[in-house]
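Visitor: Predicted coordinates and the sequence they were generated for:
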Amino acid sequence: MNKKEKLKFHKVAFLTNLLIIELDDIKPTAEIGANVHIKSKEFVVALEPFLEVVYDSKQICSGTYLSDMTNKIDTVIRKGFEQILD
C-alpha cells in the first residue's frame, strides 16, 4: 500500500470512527439512524486488516492523536456553524 492509499484509509477510518462517536452520543432512534450506526461499526470491523497497516504506530493507537483530531474538527465545525448563523 502506498502513502496516498494509507492516507485515504486513515481518513475513511477516522471519519467513520467520528461518525460512530457522534451517533453513540445522539443515540438515534429512527430506523435509518440506527442502521447507519450499526453499518458504520460493521464497516470499521471490515476495515481492520487495512487499518493494521495504517495504525501500526502505538503512538496513534494509544496516544491522544484521535482525540486531538476530533477536537480540531469540532472547532472547525463550530466556527463554521457560527458563521452560518451570523
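Guide: Structure received.
Visitor: name the helices or strands packed onto the helix or strand harbouring Ile21?
Guide: Ile21 belongs to helix 3-26 when elements are defined using DSSP states H and E. In terms of contacts (3 or more C-beta pairs under 8 Å, 6 or more residues apart in numbering; DSSP states H and E), helix 3-26 is packed against helix 31-54, helix 65-85. Every residue, glycine included, has its C-beta placed from N, CA and C.
Visitor: mind redoing it with 6 Å?
Guide: helix 31-54 (3 or more C-beta pairs under 6 Å, 6 or more residues apart in numbering; DSSP states H and E).
Visitor: Can you spell out which helices and strands pack onto the helix it packs on?
Guide: helix 3-26.
Visitor: Report the rounded mean pLDDT for the helix holding Ile21.
Guide: Here helix 3-26 scores 87 as its mean pLDDT.
Visitor: So for it, what gets flagged as buried?
Guide: Lys6, Phe9, His10, Val12, Ala13, Phe14, Thr16, Asn17, Leu18, Leu19, Ile20, Leu23 (16 or more other C-beta atoms under 10 Å).
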